[in-house]
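**Student:** Mind folding the following:
(one chain, ligands or ions: 1)
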Amino acid sequence: MNDTAVKSNAADFDVIIVGAGASGLMCAIHAGRRGRKVLLLEKGPKPGLKILVSGGGRCNFTNLWADPQAHYLSANEHFCISAMRRYGSADFIDMVNAYGIAYHEKKLGQLFCDHSARDIVDMLLAEADKVGVVLSLNSEVTSIRPVADGYEIHTAALKSAAQKVNSSQRVRSVVLASGGLSMPKIASDLAYRTAAQLHMRVVSPSPALVPLTWNNADRLLLAQLSGVAIDSMVSAGGQAFRENLLFTHRGLSGPAILQASSYWRPGDPVEINLLPDLDLASWLAAQQQQRPKALVSTTLKAVLPNRFVDAVANQWFRDQTLGSLSNVQRQQIVSAFTQWIFKPGGSEGYRTAEVTLGGICTEEFSSKTFEAKRYQGFYAIGEALDVTGWLGGYNFQWAWASGYCCAQYL
Ligand SMILES: Cc1cc2nc3c(=O)[nH]c(=O)nc-3n(C[C@H](O)[C@H](O)[C@H](O)COP(=O)(O)OP(=O)(O)OC[C@H]3O[C@@H](n4cnc5c(N)ncnc54)[C@H](O)[C@@H]3O)c2cc1C
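**Tutor:** Got it, this is the predicted structure:
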């Protein structure tokens, strides 16, 4: 690989935005609409890669009920309120409607494209193009340094498979929109490195909205259940989520687990109620009266998947006739299925995580302008900051809102 050092001046641009993901594209569009000359630097070969793969290729682009006080995690839970109030899901929906993009509500206010996530990327690129945003692909920003009149941005641009060109450019304003660590193939730790260089605090990043893996004992018993789904209540870190839980070869996944994973800390247990709508104690007592000769496993199969009951029979409970159950044994069955204490071996990590929990500490930034309090002209938006949404379109809504609001002050 040939590395060539080139010095250039970005006097042609008012602002450089680092990262052509959800927040960077949104910020570029609105800064452009305000007449700013924008250079958008993107490490990858395509803009909006994460948008393209999101929502199973259909992009859950917002949530009708996104509430900054209910659906976001941050060391400063008030930080996201201002931007989310200034740019709500209705604002993004207006843009989607203006482009005639077909969409539907899947559940719980989650809006998905009818056809493809590409519709959203194409819309953003068309809007960016209209206002003259210059997009430079295969351009990885390697460092951002404050200088007397702004910032020096160092970039390693891939000119061909064999040639990488290093350059540095000066600009008055820079927006860090380089996201978090999920999807390691496109992610970079630029946000955290830059923050450390500027002596800003970083809330330690960790994978979130991520499947949890088996411990050794549960793997032997439960990995065979891959594909089984159960509507459950899953609790971790004081927060409970009612949705599907999915068994996989590696552990537990499904929306209820992904949501709970953002509140789970390594070493902690997760509590699972596999029958949240049933008063299992009373129901079992009634079954004992009505069908004393029936086996516990046969009885449980009326309310839980057969494969699951077969796997845990004689492990989680002794498979005997209902009539022979003592009160203590009945209570043990109730606990096993409604208060399953699952101790994950770990999580699947950034490879499958949808988002990064933590990020640059928001106390370093204005929640109105997204400008750093101690560095004039330095801005950060989106997932690079310590703001993480729930599963369900909340993370894109934060990216759109923070990108839009920041652009109003560039
Ligand atoms: C598989 C998957 C599915 C998801 N589905 C949904 C969903 O349906 N709904 C939802 O709300 N959220 C979803 N998310 C989360 C959502 O994609 C992110 O929260 C959102 O994209 C964050 O926006 P961002 O602009 O901060 O970062 P990103 O969209 O990640 O953009 C950051 C950009 O910066 C670029 N970059 C990184 N480092 C550098 C560098 N050094 N120099 C130049 N460029 C750089 C990256 O290549 C990337 O293009 C999903 C995430 C994943 C991984």
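**Student:** Domain map for the chain?
**Tutor:** Here the domain parsing of the chain from automatic domain parsing is 2-206+358-407, 211-348.
**Student:** Let's see stretch 191-200 as PDB, backbone CA atoms only.
**Tutor:** As requested, the backbone C-alpha atoms of stretch 191-200 are provided in PDB (Å, rounded to 0.1, in the frame of the first residue of the first chain):
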ATOM      1  CA  ALA A 191     -15.200   9.700  18.800                       C
ATOM      2  CA  TYR A 192     -13.600   8.300  22.000                       C
ATOM      3  CA  ARG A 193     -10.000   8.900  20.900                       C
ATOM      4  CA  THR A 194     -10.800  12.500  20.000                       C
ATOM      5  CA  ALA A 195     -12.600  13.100  23.300                       C
ATOM      6  CA  ALA A 196      -9.700  11.700  25.200                       C
ATOM      7  CA  GLN A 197      -7.300  14.000  23.300                       C
ATOM      8  CA  LEU A 198      -9.500  16.900  24.200                       C
ATOM      9  CA  HIS A 199      -9.600  15.800  27.800                       C
ATOM     10  CA  MET A 200     -13.300  15.100  27.700                       C
END
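**Student:** if we can go back for a sec, with mean neighbour count and mean pLDDT as extra columns, can I get the domains of the chain in CSV?
**Tutor:** In this view, the C-beta of every residue, glycine as well, is placed from N, C-alpha and C. Output for the domains of the chain, formatted as CSV (neighbours: other Cβ atoms under 10 Å; pLDDT from 0 to 100):
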stretch, mean neighbour count, mean pLDDT
domain 2-206+358-407, 20, 94
domain 211-348, 17, 97
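**Student:** So which of those is nearest the ligand?
**Tutor:** domain 2-206+358-407 (1.7 Å; Cβ to the nearest ligand atom).
**Student:** Report the distance from stretch 90-101 to the chain centre.
**Tutor:** On the basis of Cα atoms, centre = their mean, to the nearest Å, stretch 90-101 sits 22 Å off its chain's mean C-alpha point.
**Student:** Quick check, D119 in contact with L125.
**Tutor:** No: at 11.0 Å, D119 and L125 do not qualify as touching, with contact defined as Cβ atoms under 8 Å.
**Student:** near the ligand, which residues of this protein?
**Tutor:** Within the chain, the positions near the ligand by Cβ under 6 Å from any ligand atom are 18-24, 41-44, 49-50, 53-55, 59-60, 140-141, 177-179, 182-183, 186-188, 190, 354-355, 382-384, 393-396, 399.
**Student:** Start and end of stretch 311-328, how far apart?
**Tutor:** Taking Cα to Cα, to the nearest Å, the first and last residues of stretch 311-328 lie 22 Å apart.
**Student:** hang on, the earlier thing: please list the members of the residues of the chain next to the ligand that lie in strands.
**Tutor:** Counting by DSSP state E, the part of the residues of the chain next to the ligand found in strands is V18, L41, N60, E140, V141, V355.
**Student:** Need those residues in a markdown table (columns: distance to D279).
**Tutor:** Output for these, formatted as a markdown table (distance: Cβ to Cβ, whole Å):
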| residue | distance to D279 |
| --- | --- |
| V18 | 54 |
| L41 | 58 |
| N60 | 34 |
| E140 | 57 |
| V141 | 57 |
| V355 | 36 |
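**Student:** For the spatially closest residue to K46 that is not a sequence neighbour, list the residues it contacts.
**Tutor:** What sits nearest to K46 in space, not counting adjacent residues and going by Cβ to Cβ, 6 or more residues apart in numbering, is L137, at 6.9 Å. Contacts for L137 were tallied using Cβ atoms under 8 Å, 6 or more residues apart in numbering; they are A20, E42, G44, P45, K46, P47.
**Student:** Report the separation between Y87 and Q197.
**Tutor:** Distance of Y87 to Q197, computed by Cβ to Cβ, to the nearest Å: 30 Å.
**Student:** again, but for N215
**Tutor:** Taken as Cβ to Cβ, the span from N215 to Q197 is 39 Å.
**Student:** can you check D310 too?
**Tutor:** From D310 over to Q197 (counting by Cβ to Cβ), the distance is 57 Å.
**Student:** ok, now R351?
**Tutor:** Taken as Cβ to Cβ, the span from R351 to Q197 is 27 Å.
**Student:** How about I153?
**Tutor:** With Cβ to Cβ as the criterion, I153 and Q197 are 13 Å apart.
**Student:** shared neighbours of the two, which are they?
**Tutor:** By Cβ under 8 Å, 6+ apart, the residues touching both I153 and Q197 are S143, I144.
**Student:** For the nearest residue to V15 once chain neighbours are set aside, list the residues it contacts.
**Tutor:** Excluding the flanking residues, the one nearest V15 by Cβ to Cβ, 6+ apart is S173, at 4.3 Å. S173 is in contact with D14, V15, I16, G150, Y151, G377, F378, Y379, L410, counting by Cβ under 8 Å, 6+ apart.
**Student:** Can you say which helix or strand has the fifth one in it?
**Tutor:** Looking back up the chat, that one is Y151. Assigned by DSSP states H and E, Y151 belongs to strand 150-160.
**Student:** which strands and helices sit next to that strand?
**Tutor:** When contacts are defined as 3 or more Cβ pairs under 8 Å, 6 or more residues apart in numbering; DSSP states H and E, strand 150-160 packs onto strand 15-18, strand 139-147, strand 163-171, strand 173-176.
**Student:** Now tell me what touches the first one from outside.
**Tutor:** Outside of strand 15-18, the residues within contact range by Cβ under 8 Å, 6+ apart are 10, 24, 27-28, 31, 36-41, 141, 144, 151, 153, 169, 171-178, 190, 410.
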